[in-house]
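>>> Output the structure for:
(one chain, ligands or ions: 1)
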Amino acid sequence: MSNEKALFCKLNKPEDVETDSTVGEKHVPVIMVPSVLKTGEFYDVKITVGEIEHPNENEHFIQWVEFYVGNVYLGRFDFAPVMTKPEVTIPIKLGHQGIDTTLRAISRCNLHGLWEGKVQVKTE
Ligand SMILES: [Fe+2]
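Numbering: from 1, shown residues only. Just a heads-up that it's a prediction; the model follows:
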């Protein structure tokens, strides 16, 4: 099985990728959010894909991004190639203290499969 096909068999994470490869840097979602969130207030969470810009062509593109708090699904955003960029801003409000405050995003590339990025926030 080629390496590219193996990528489709699992949820890929940055730590899974060989250090001499840029495949992770092009696919792992990047989540931008303040590090401390007050419960009950909305904050914008911006999600882009890749520290290095991913190709955006009909033959190779990011198909969608899903967004979670912990394991709680919050939304899915589909992208068309060329005319859109895999970038989205979502207002979120965390209502409870003590919940899992790991923000997670999963992207899917049509050639390289699923990729997870995450960031931990604090609530107060
Ligand atoms: Fe890709």
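>>> got any ranges where this structure has weak pLDDT?
Scanning the chain for pLDDT under 70 picks out the ranges 1-4, 97-98.
>>> Report the beta-bridge partner residues of residue 68.
Bridge pairing for residue 68 (DSSP bridges) gives the partners residue 73, residue 104.
>>> now swap in residue 78 and tell me
Residue 78 has these beta-bridge partners by DSSP bridges: residue 64.
>>> Check whether the closest residue to residue 57 other than its chain neighbours sits in a helix, strand or coil.
Closest residue to residue 57 in three dimensions, ignoring its sequence neighbours and counting by C-beta to C-beta, 6 or more residues apart in numbering: residue 81, at 5.9 Å. (Glycine included, C-beta is placed from N, CA and C.) The three-state label given to residue 81 by DSSP: H, G, I helix; E, B strand; the rest coil is coil.
>>> Quick check: the gap between residue 81 and residue 118.
Computed as C-beta to C-beta, to the nearest Å, the residue 81 to residue 118 distance reads 26 Å.
>>> same check, this time on residue 34
16 Å.
>>> of the two, who's got more company?
residue 118 (16 against 11; other C-beta atoms under 10 Å).
>>> for that one, what are its contacts?
31, 102, 103, 104, 105 (C-beta atoms under 8 Å, 6 or more residues apart in numbering).
>>> Flag every buried residue along stretch 10-20.
If you call a residue buried by 16 or more other C-beta atoms under 10 Å, then stretch 10-20 has these buried ones: 12, 17.
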